[in-house]
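[1] take a look and give me a structure for this.
(chains A and B)
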Amino acid sequence: MATPTRTLTDGEAAPLRDRIMANPRPAATWLAVTAVLFALQAGALVEFMAALLADAAAALPGVAVPAAVLALERAADAVPTLLSRETIPNQGYYNGSGYVGTFLGLSPDLAWLLRATLIYAYSFVTLGWLWVGYERYRTHYRIADWTPRDDVIDRFREHKWGLFGVAVVAMFFVMVLFAPALSPTTTAANLEDPYGNELTYWTGDGTQTVTVGQANLGSQSQGTPQENVGPMQYDDYGRIHPFGTLPSGKDLFTFIAHGSRISLIIGLVSVGLSVSIAVVLALVTAYYKGKIDLGAVLVSDAVMGMPQLLLLIMLSVILSGTWIGKIYSGAFVLALIFAGTGWPAMWRSFRGPALQVSNREWVDAAKSFGQTPTAIMRKHMLPYITGYVLVYGSMTLGGAIIAIAGLSFLGLGVNPPTPEWGRAVNAGQDYVTTASWHISLIPGILITLVVTGFNALGDGVRDAIDPESDAEDQGGASGRGGGA
Amino acid sequence: MNRLKYIVKRVLMSVPVLWLGTSMTWFIIYQGPVDPAANLLSGNERLTEAKYEAARTELGLDQPPLQHYVDWMWSLFTLDLGQTWLVYTGSNVGALVLDFLPRTVWLGFWSVLIAICIGVPLGFYAGIRSNSVADYVASVSGIVWRAMPNFWLAVILLALLVGSESLFGFDWDTFLITLPSGVTGNPGLSYMAGDPLALFTQPRETLAAIKKILPAALVLGSASMGNEMRIGRTAVLETKNEQYVDFARARGVPGRAIVWKHVFRNALVPLVPVITTEAFLLIGGSVLVESVFGINGMGKLFFDAAIQGDLPLVGSLMFVFIVLMLTINIAQDILYTLIDPRVGYDGT
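    Residues are numbered from 1 along each chain as shown, chains lettered A, B, ... in the order given. So this is what the prediction gives:
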């Protein structure tokens, strides 16, 4: 314990660096393991960043992707990564006596399973290690023995339902982050340019090479047992399909893994934006009350008076032709619309707590000391509503995922060929009771699971912050994406 | 403040909301990046100047924007909804809405009713038997119901019903009442035209219409069902621990009477706003559910109009939806004051 007997404020205590120097062992071992963990997967992280950057550059209207960004993307691919398609390849072919090109000559399904399992194991070990890091900080380096936040965290650790939510959300994030490595094939080869790529397969008495597009035509899932590639089945070309294939013969798992990226990015951008609007507005209206509050009530009522999903449909139709509608396959404008239609409900949820805080005596005291309104809002009011931000943010994110999937189910929103979960449900809707049941069923179950996870996380955080409150009840609609 | 004053104030409060919402709709449609007039013409027609000008004149777009705005708002508030261009070309929107609205109302009514009839009793049961296995099963299934996307549930349910004969051994189409047109399509409500009492005098027709709408209503009500269950459970849990319940028990009131008279009636109060706020979800969800089940209701009409680019129709329908939502909201507030007189009249 580095805790001094006398109570110190942050200003009086030695800086964190000195505290670590005084007792370097726990920090050093933790950092060493973290460095190893990071080095193992550095490539995947750099790849994700580079892909984001390239997407952002490609999104700008009228600008060709700068060569530097493309070079960066290539360089990112070259960074060695332990758990990648290159180190544990699953794409190979049978040559009559054994598998060629797969990891250790394993069959493709085992190679893929091994890679997926290792990626998830790695991710959870890393997450656990981050937690260890926090605990070490808490026991060895933090000045205070106890802070109110410790109680919140301890309550959350007891909350099984909330922990379930954390696990599901973490698995979803891992899927987003490692989508290229988790997929049995690449989007470039399988979804975007199947005729520009080739594969070798075993015909029964020899190997042959066809384009991926040709192979896709031969591995369609059309509902009949003859024309169907189900979950964990091989197609005629020796490729493994963990979730089966789409009616077009493309790989459903690759589609879903990359679709999760767009769902999460739209969700995060839109929820981030609407939370920011809602928080600022809640603080301002709670501080000034009166006319400003009334005006905000009217505007938010007017926006909420238009059913959110209908507004989404109307705006995505109207904005689809503009340059902003083309950014990131239409995902960006969708996030903006979602934020623009979603903030009123969120503001309504923050308004009550913000009003309560604004009536407390310390706000009055700060006013009488002559602090500026912005300082009061930031220092004396904001900390009391951040908990609600987490709760509603988490639940709205689930709703956003449903709504986006609903829009692309209707053929709006994210443009093909960019994968989106709702489009897979749409593609499979004629095959639900046939052999190709997997096309609609799997994406739907995944949406349900992810949304349940986000809701559970929100529940857990709410109960941890304020065990007495029933914050979610008035905003029951928030987690539902406007009814999609 | 008495009740009448409260209601008048509530109605007055909704006027600026209606005005703002409608103005936003006008702005999005007529000042947005899409030219509504050009959108209404087919590829060839768009090339001829005369046709385009005619369309602009017809929509009033040759006027200055402000004049157009005033005209447009005025015609909406006098319930002149204009005509359609691309969807059911040339029909009167008002007549179209009158034709389509009953199906959506029928769907909405049954989805609310089913949700209440299943969700509330299950929630109350779970609340009374809290922390039992039944409670956990009910709670978890409620949470999952809430998280399931409507469109997906609709697709799955539709497929199961269409294939019911081979899957479950009974044919949904002929189960109890034969539906000639299969699972999808409009509920037959025309028998009630001009004679609303036919709802009771012709039970066969009514039952057929109910059966037709049942799957769609179940899907549309699914989220509400989960919500109501959750809140019903919490409400019972809270009421159960109230002092007057303890007091009644101490006086020797039998358990059954306590549950019915003291717990249930008070637990119902927090459910009222929940049931009516579901209206938001119902209207939004109707687009997807009506599309999947092929019901020609308001949601499908709106979706068709949006997809085909009939923007004037989209605007008029949005106005109808806003009016609908405001009406439901006011009705909720009035209902709330009737059920629970303790609710303050000054709250917004």
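[2] A:V132 contacts A:A27, doesn't it?
    No: using C-beta atoms under 8 Å, A:V132 makes no contact with A:A27, being 11.6 Å away. Every C-beta, even on glycine, is put in place using the N, C-alpha and C of the backbone.
[3] so which of those two has more stuff around it?
    A:A27 (18 against 15; other C-beta atoms under 10 Å in any protein chain shown).
[4] so what's the more buried one closest to, chain neighbours aside?
    Excluding the flanking residues, the one nearest A:A27 by C-beta to C-beta, 6 or more residues apart in numbering or on different chains is A:I20, at 4.8 Å.
[5] right, and the one you found touches A:R136 too?
    No: the pair A:I20 and A:R136 fails to qualify as a contact (C-beta under 8 Å) at a distance of 10.3 Å.
[6] need the overlap of contacts for those two.
    Both A:I20 and A:R136 are in contact with A:A27, where contact means C-beta atoms under 8 Å, 6 or more residues apart in numbering or on different chains.
[7] neighbour-wise, which of these two wins?
    A:I20 (19 against 16).
[8] what sits against A:S329?
    Contacts of A:S329 (C-beta under 8 Å, 6+ apart): A:262, A:414-415, A:418.
[9] widest-spaced pair of those residues?
    A:I262 and A:N415 (10.6 Å; C-beta to C-beta).
[10] shaky segments in the stretch 351-484 of chain A?
    Within the stretch 351-484 of chain A, the ranges that satisfy pLDDT under 70 run A:467-483.
[11] quick one: the helices in it?
    Assigned by DSSP state H, counting those that start in this stretch, the stretch 351-484 of chain A shows helices spanning A:361-368, A:373-375, A:382-409, A:421-427, A:438-465.
[12] which positions in the stretch 1-150 of chain B make contact with chain A?
    With C-beta under 8 Å from any C-beta of the partner chain as the criterion, the stretch 1-150 of chain B meets chain A at residues B:14, B:16-18, B:20-21, B:24-25, B:28-29, B:32-34, B:143-144, B:146-150.
[13] give the ChimeraX command for selecting the buried subset of those residues.
    Applying 16 or more other C-beta atoms under 10 Å in any protein chain shown to the residues of the stretch 1-150 of chain B next to chain A leaves a buried subset, and the ChimeraX line that selects it is:
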select /B:14,16,17,18,20,21,24,25,28,29,32,34,143,144,146,147,148,149,150
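[14] what about the residues of the stretch 1-150 of chain B next to chain A, which are in strands?
    Residues of the residues of the stretch 1-150 of chain B next to chain A located in strands (DSSP state E): none.
[15] what about the helix or strand hosting A:L334, near chain B?
    Following DSSP states H and E, one finds A:L334 within helix A:331-358. No: against chain B, helix A:331-358 shows no contacts by C-beta under 8 Å from any C-beta, the least distance being 9.0 Å.
[16] would you mark the buried spots in that helix?
    For helix A:331-358, using 16+ other C-beta under 10 Å, the buried residues are A:331-351, A:353-355, A:357-358.
[17] same deal with stretch A:158-177?
    Neighbour-count burial for stretch A:158-177 [16+ other C-beta under 10 Å]: A:159, A:162, A:164-166, A:168-172, A:174-177.
[18] output those in JSON lines; the columns should cover secondary structure, distance to chain B and pLDDT.
    Listed next are those as JSON lines, based on DSSP: H, G, I helix; E, B strand; the rest coil; distance: C-beta to the nearest C-beta, whole Å; pLDDT from 0 to 100:
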{"residue": "A:H159", "secondary structure": "coil", "distance to chain B": "14", "pLDDT": "87"}
{"residue": "A:G162", "secondary structure": "helix", "distance to chain B": "13", "pLDDT": "90"}
{"residue": "A:F164", "secondary structure": "helix", "distance to chain B": "10", "pLDDT": "93"}
{"residue": "A:G165", "secondary structure": "helix", "distance to chain B": "11", "pLDDT": "92"}
{"residue": "A:V166", "secondary structure": "helix", "distance to chain B": "16", "pLDDT": "93"}
{"residue": "A:V168", "secondary structure": "helix", "distance to chain B": "11", "pLDDT": "94"}
{"residue": "A:V169", "secondary structure": "helix", "distance to chain B": "13", "pLDDT": "94"}
{"residue": "A:A170", "secondary structure": "helix", "distance to chain B": "17", "pLDDT": "94"}
{"residue": "A:M171", "secondary structure": "helix", "distance to chain B": "15", "pLDDT": "94"}
{"residue": "A:F172", "secondary structure": "helix", "distance to chain B": "13", "pLDDT": "94"}
{"residue": "A:V174", "secondary structure": "helix", "distance to chain B": "20", "pLDDT": "91"}
{"residue": "A:M175", "secondary structure": "helix", "distance to chain B": "17", "pLDDT": "91"}
{"residue": "A:V176", "secondary structure": "helix", "distance to chain B": "19", "pLDDT": "89"}
{"residue": "A:L177", "secondary structure": "helix", "distance to chain B": "23", "pLDDT": "85"}
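[19] mind putting these in a markdown table, distance to B:D171 included?
    Listed next are these as a markdown table, based on distance: C-beta to C-beta, whole Å:
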| residue | distance to B:D171 |
| --- | --- |
| A:H159 | 47 |
| A:G162 | 45 |
| A:F164 | 40 |
| A:G165 | 41 |
| A:V166 | 45 |
| A:V168 | 38 |
| A:V169 | 43 |
| A:A170 | 45 |
| A:M171 | 41 |
| A:F172 | 40 |
| A:V174 | 45 |
| A:M175 | 41 |
| A:V176 | 44 |
| A:L177 | 48 |
